Each structure stands twice: as structure tokens, then as C-alpha cells.
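*Asks:* Just the structure for this:
(one chain, ligands or ions: 2)
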Amino acid sequence: MTVRVGVIGAGMIGQEHIRRLSDAVAGARVTAVTDIDGARADETAAQVGAVTFPDGPALIAADDIDAVLVTSWGPTHAEHVLNAVAAGKPVFCEKPLATSAEDCLRIVEAERAHGRRLVQVGFMRRYDAGYRQLKEVLDGGSIGAPLMVHCAHRNPTVPDSYHSAMAAQDTAVHEIDVLRWLLEDEIVSAQVVTPRSTSKRFAHLKDPQIMLFETAKGVRIDLEVFVNCQYGYDIQCETVGEDGLVRLPDPAAVGVRTAGRHGTAVLQDWKGRFADAFDTEFREWVASVEAGDEPTGPSAWDGYAATVITDATVRSLESDQQPVTVDMKPRPALYGGLA
Ligand SMILES: NC(=O)C1=CN([C@@H]2O[C@H](COP(=O)(O)OP(=O)(O)OC[C@H]3O[C@@H](n4cnc5c(N)ncnc54)[C@H](O)[C@@H]3O)[C@@H](O)[C@H]2O)C=CC1
Ligand SMILES: O=C1[C@@H](O)[C@H](O)[C@@H](O)[C@H](O)[C@H]1O
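*Replies:* Ligands and ions are numbered 1, 2, ... in the order given. Here you go, the predicted structure:
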């Protein structure tokens, strides 16, 4: 069976994922597109031989759409995901699942009422080969119980629409998800401290930010978010355990020796850094839809957890930069354990 995917939102990442589903993932075809910008929807749909729909509800309701991909703006995600769940269709939603914890919980409740998982959230780092190797080492136990994690998430620059809360909501949210998965542990408190800001930023922005998290088992995480670091897109993660440490590898790159120097290029954006991870993410999602199975990737509950933790992080930033307790509801049985 070829999975017929309908896409809501044909912007930057929507177009990337449409190309990916068309060229890099077997077993799926994008057959429908909608966007509030009708011309963009028409142009994008024409490139892959898909039809257009006037809006998300019409696309979701169509009988010949097997699964839905939501790549519209974050505040619109909840409505589309809820409609897809009501229609009983598998839905892949780019992060965030929703922009409020309340909306995430509505989705969780709708899925529980449906009785099985339909929703997957686009936290693609779980599909990155380096993070998967890191998890294998942690699960294998050779470095012993994890004690500390040191991370950095650096972007060369951001546009002036980026504001201080987005450091947690848009950027650190990827570490928040991947660390819960890596450590199989829940984040219970969040704090932000801000050093002196770089002069190479828009005046309204606090950048860099240092985020400090604590897990239920007492692991301490420090995460530097620096979105105007100038030199490149750089993702670092090192976990220190009782018997050793494990570090995320840098992406493979040729070493160049010239003019008395030896170096490798640094990537400039997340598209290149996580291209393979996105491909794997969609291959595994399509395979689950094709088989009629529940998705195995980040769940609606993971989307809720990420939103609750980013909310606590933003509260710390916007108040007195003290630790804020993460107020998370108990995890329903539908979502299993943290592994
Ligand atoms: N996993 C990742 O690394 C990344 C995830 N994202 C996420 O993907 C989502 C989209 O981001 P971008 O593509 O950068 O934004 P974008 O602004 O380039 O594209 C969004 C598109 O959705 C359309 N749209 C908005 N509301 C709509 C609605 N209700 N129905 C139909 N179309 C609608 C807009 O007209 C636009 O064409 C965001 O939630 C963002 O956080 C974005 C970049 C990376
Ligand atoms: O989701 C993403 C962007 O929105 C965000 O701005 C980047 O920092 C992330 O690394 C990327 O994956």
C-alpha cells in the first residue's frame, strides 16, 4: 500500500518534508496540500502532482487521505491534530505539538478516548545516528549511571522576529525532548541564568542563555543556547557517568590542511545537520502507518512534556531566574514508560 499523505502548511519545512516524502521515503506519496497562502499551496502541490484543499478540515476529512502531516505555524497545530484524531487518521505534527500545555492535554485526552496512539511529534534528534549511538552506550551501562550532561545548541544568527522565550520554546525544546529519551528520566525543574549578552544580537534578545535542568533521578543538565554565535550551527552533548563519559560525534567532514592550518568546515544550519535524521524519522513513521501500527516515535505525551518543561524554563527566565518546578500531570498508561 502507498500511504497517501495530506500536508497542512507548505512553508519552509513543509516543502522540505514534501520533497523528502516524494524522493527519499519509499511507501508514501504526497497527494494533497493546503496552505492559507493559496498560491503557495497550488505551486507546491503542482510540483508533486498533488491536489489542493481550501483548508485543513477539508483535507483531513477527504476519504483518499490516509495520513496527515502538520507543518503550519505552531499556534495552529492543536486544531489540525485534534481534527485528525477525531477522524481516526495518523498524524505527524512538527514541533511544537501545541503552544500551551492545556492544548497538548486536549490532544492527549482525545487520543486516549480514541484508544490507541495516532500522533507523532517531529522531534527528529531521536533519529540522528550520533544520538542513537549515544543512547546505545548509555543503555549498555559501560559509563555507569549518568550524573551530569553538558550541552550546547548554537545557531550562527536568528531573525529579529526571534525573541528571548524562543530560546526555550523553539531551540532548547529539541534538547529537552532528546535528553528525556536518552536518560529515560523526567525533567523536574528548570532554571535560566543569563550571562552578559553578545553585542551581535537584536536589542530585545537575551543571548546567550544558560539553562539548568534537574531530573527525577538527580542528573544535572546544563545547556548553553547561543543563537548568534556567528561561526556556525553547532550541537554538542556530553554525558558524564560514574565510570566514564560519552560524547555526541560531530558530523563527519573532511580535514583540510593548508597554509599551516588543519581544519574541518562547521555546518551552517539544522537542515544539513539533521537531514539524515529527518529521512529516518519519516521512513519509520511511514512504515508504521503502512503496517497499521501505532507510531513508535515521540508521542503526544512527549509533546505535552516538552511544552510543560519549556513553560517552566520561560517562567524562570521571565521572573527572577530561580529554579522553577515542572508541574507535569501523571503519565497515562497509553504512553508506556519513558524509554
Ligand atoms: N523539527 C525542526 O527542526 C523544525 C521544525 N519547525 C517547525 O515547523 C513548523 C513550520 O515552520 P516553518 O516551515 O519554518 O514556517 P513557515 O512560516 O515557513 O511555514 C508555515 C506555513 O504554514 C502556513 N499556514 C499557517 N497556518 C496555516 C493553517 N492553519 N492552515 C494551512 N496553512 C497554514 C503558512 O502560510 C506557511 O506557508 C513550526 O511549528 C516550526 O516550529 C521548523 C523548523 C525546524
Ligand atoms: O527547530 C529548529 C529551529 O526552529 C531552531 O531555531 C533551531 O535552533 C533548531 O536547531 C531547529 O531544529
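
*Asks:* does ligand 2 sit close to stretch 61-75?
*Replies:* No: contact of stretch 61-75 with ligand 2 is not found when judged by C-beta under 6 Å from any ligand atom; the minimum separation is 9.7 Å. Any C-beta I mention is one placed from the backbone N, CA and C, and that applies to glycine too.

*Asks:* got the end-to-end distance for that stretch?
*Replies:* With C-alpha to C-alpha, to the nearest Å as the measure, stretch 61-75 spans 21 Å from end to end.

*Asks:* burial measure for Ala275, as a count.
*Replies:* The tally of other residues near Ala275 (other C-beta atoms under 10 Å) stands at 16.

*Asks:* try Arg4
*Replies:* For Arg4, the count of nearby residues is 17 (other C-beta under 10 Å).

*Asks:* same question, Thr194
*Replies:* 14.

*Asks:* Pull up the gap between it and ligand 1, please.
*Replies:* According to C-beta to the nearest ligand atom, to the nearest Å, Thr194 and ligand 1 sit 23 Å apart.

*Asks:* how about the helices in this protein?
*Replies:* 12-23, 38-48, 56-61, 77-86, 101-114, 129-140, 166, 173-183, 270-273, 275-291, 300-318 (DSSP state H).

*Asks:* neighbouring contacts of the fourth one?
*Replies:* Translated: helix 77-86. Here helix 77-86 makes contact (C-beta atoms under 8 Å, 6 or more residues apart in numbering) with 8, 56-57, 60, 68, 70, 72, 90-91, 93-94, 96-100, 103-104, 106-107, 110-111, 114, 118-119, 300.

*Asks:* hmm, back to that, in a markdown table, list the helices of the chain along with mean pLDDT.
*Replies:* Converted to a markdown table, the helices of the chain look like this (pLDDT from 0 to 100):
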| stretch | mean pLDDT |
| --- | --- |
| helix 12-23 | 98 |
| helix 38-48 | 98 |
| helix 56-61 | 98 |
| helix 77-86 | 98 |
| helix 101-114 | 98 |
| helix 129-140 | 98 |
| helix 166 | 98 |
| helix 173-183 | 98 |
| helix 270-273 | 95 |
| helix 275-291 | 98 |
| helix 300-318 | 98 |
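
*Asks:* can you list those helices in a markdown table and add distance to Ser189?
*Replies:* Shown next, in a markdown table, are those (distance: least, C-beta to C-beta, whole Å):
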| stretch | distance to Ser189 |
| --- | --- |
| helix 12-23 | 31 |
| helix 38-48 | 42 |
| helix 56-61 | 37 |
| helix 77-86 | 26 |
| helix 101-114 | 16 |
| helix 129-140 | 22 |
| helix 166 | 21 |
| helix 173-183 | 12 |
| helix 270-273 | 27 |
| helix 275-291 | 28 |
| helix 300-318 | 7 |
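
*Asks:* right, and these - which one's nearest Ala333?
*Replies:* helix 101-114 (9.0 Å; C-beta to C-beta).

*Asks:* wait, what's in contact with Leu97?
*Replies:* 77-78, 81, 103-104, 107, 119, 121, 300, 303-304, 306-307.

*Asks:* if we go to 7 Å?
*Replies:* 77, 81, 104, 107, 121, 300, 303-304, 307 (C-beta atoms under 7 Å, 6 or more residues apart in numbering).

*Asks:* swap in Gly292?
*Replies:* No residues are in contact with Gly292 under the rule C-beta under 7 Å, 6+ apart.

*Asks:* Could I get the phi/psi values of the most centrally placed residue in the chain?
*Replies:* Residue closest to the average C-alpha location in the chain (C-alpha atoms, centre = their mean): Phe123, at 2.7 Å. Backbone geometry at Phe123, expressed as degrees, to the nearest 10, gives phi -90, psi 90.

*Asks:* same question, Glu242
*Replies:* Backbone torsions for Glu242, taken as degrees, to the nearest 10, come to phi -70, psi -30.

*Asks:* how many neighbours does the closest residue to Asp276 other than its chain neighbours have?
*Replies:* Distances taken as C-beta to C-beta, 6 or more residues apart in numbering put Ala129 closest to Asp276, at 6.6 Å, once the chain neighbours are dropped. Per other C-beta under 10 Å, the neighbour tally for Ala129 reads 13.
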